[in-house]
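My questions concern the predicted model and sequence given below.
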Amino acid sequence: MEQVVYVDGKFYPASDAKVSVFDHGLLYGDGVFEGIRAYNKRVFKLERHMERMYQSAKAIDLKIPHTRVEFIELILQTCRRNNTVDGYIRPIVTRGPGDLGLDPRKCKRGPSVIIIAQPSIALYPKEKYEQGLKLVTSSYRRVPPQSLSPSIKSLNYLNQIMARVEANQYGADEALLLDTQGYVSEAGADNFFIVQNHSVMTPPTSTNLPGVTRETALELAEKLGIRAVERPFTLYDVWAASEAFITGTAAEIGPVVELDGRVIGDGRPGKITKQLMKAFRELVTTTGTPIY
């Protein structure tokens, strides 16, 4: 059965789902989105994702034409029409169609709302979660907060895409970006953690996206009795770490075993990383907003 996509009040077969070529989301990346996962017929942390989406929209002065309750129901309806059991959900709100100028006021029709629910997503092959990911430090720096807040999950990911292109050129699984001061910021599409002295550390969200999976990893660490700290750290700290891992809705929790050709720890997914991966899997498959 062909996938069904929601676009501006109607459900369409995926092959018929379209937006205007004058949509400012297409022309300028003017819009916001979320990446959400469904596990075992439940949508994981749906309310938190909606909270973040509305915060991002407010930050760019984009008025979503639905209440949060309405939007949540539209997401669930999209999942039902696609018979979602386990899947990846992508709600998008663009500025809407306008002209070829930048001015958002020219988007007279108002925002466009799109919801995609596909069966699954896999950023990395399954064996990478068993063997570990190899990262390379990008020469591109994460856009600083004085230029654009990294808390805004906008449609413009060119900064991260350039870093991923570079990682591809070096044969790495993912890129690691630094901020303009040289501190570790985040991976191309994920938050980044290290383990030192049995403590989990991740950069503060002033320089990277406040990821929902990041928040979950910190909560799980506390429940497991693992000390968790949010503080800046450098590449040296990563090279010297006993473990490292990434977190993200699509990536979930993925072990990192190498950065810039330097082996992290013993070159295998670490004990604490595997504890968190196991606890995460148990959590996501037993909690969430029911679809049916």
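Sure, I can see it.

what's the helix or strand hosting Gln160 packed up against?
Taking DSSP states H and E as the criterion, Gln160 maps to helix 158-169. Helices and strands touching helix 158-169, by 3 or more Cβ pairs under 8 Å, 6 or more residues apart in numbering; DSSP states H and E, are strand 133-141, strand 174-178. C-betas here are computed from N, CA, C, even on glycine.

buried residues in it?
Asn159, Gln160, Met162, Ala163, Arg164, Glu166, Ala167 (16 or more other Cβ atoms under 10 Å).

mind saving the C-alpha coords of that helix as CSV?
Output in CSV follows, covering the C-alpha atoms of helix 158-169 (Å, rounded to 0.1, in the frame of the first residue of the first chain):
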residue,chain,number,x,y,z
LEU,A,158,23.3,23.3,5.2
ASN,A,159,25.9,23.8,8.0
GLN,A,160,25.5,20.1,9.1
ILE,A,161,25.2,18.9,5.5
MET,A,162,28.6,20.4,4.5
ALA,A,163,30.1,18.7,7.5
ARG,A,164,28.5,15.4,6.4
VAL,A,165,29.8,15.8,2.9
GLU,A,166,33.3,16.2,4.4
ALA,A,167,32.8,13.1,6.5
ASN,A,168,31.8,11.2,3.4
GLN,A,169,34.9,12.4,1.6
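
Report the angle between that helix and strand 174-178.
Going by axes from the mean of the first three to the mean of the last three Cα atoms, to 10 degrees, helix 158-169 is angled at 130 degrees with respect to strand 174-178.

How far does helix 158-169 sit from its chain's centre?
Here helix 158-169 is found 16 Å from its chain centre; the criterion is Cα atoms, centre = their mean, to the nearest Å.

Just want the angle from that helix to strand 133-141.
Computed by the same axes, to 10 degrees, the angle separating helix 158-169 from strand 133-141 equals 130 degrees.

For helix 158-169, give the mean pLDDT please.
Throughout helix 158-169, pLDDT has a mean value of 97.

contact partners of it?
With contact meaning Cβ atoms under 8 Å, 6 or more residues apart in numbering, helix 158-169 is reached by 29, 135-136, 138-140, 142-143, 173-175, 177, 188-189.

can you map out the strands along the stretch 101-250 of the chain?
112-118, 133-141, 174-178, 184-187, 191-196, 199-202, 227-230, 243-248 (DSSP state E, counting those that start in this stretch).

Now tabulate those strands in TSV and tack on mean pLDDT and distance to Asn83.
Output for these, formatted as TSV (pLDDT from 0 to 100; distance: least, Cβ to Cβ, whole Å):
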stretch	mean pLDDT	distance to Asn83
strand 112-118	97	9
strand 133-141	98	32
strand 174-178	98	32
strand 184-187	97	32
strand 191-196	97	31
strand 199-202	98	36
strand 227-230	96	38
strand 243-248	98	25
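
Any idea how many residues pack against Gly182?
Residues contacting Gly182 under the criterion other Cβ atoms under 10 Å number 11.

per-residue confidence at it?
On the pLDDT scale, Gly182 gets 97.

if I pick it, what's in contact with it?
Gly182 neighbours (Cβ under 8 Å, 6+ apart): Thr234, Leu235.

what do you get for Val229?
Counting by Cβ under 8 Å, 6+ apart, Val229 has contacts Ser199, Val200, Met201, Thr202.

For the first one, list each beta-bridge partner.
If I follow you right, that is Ser199. Gln196, Arg227 (DSSP bridges).
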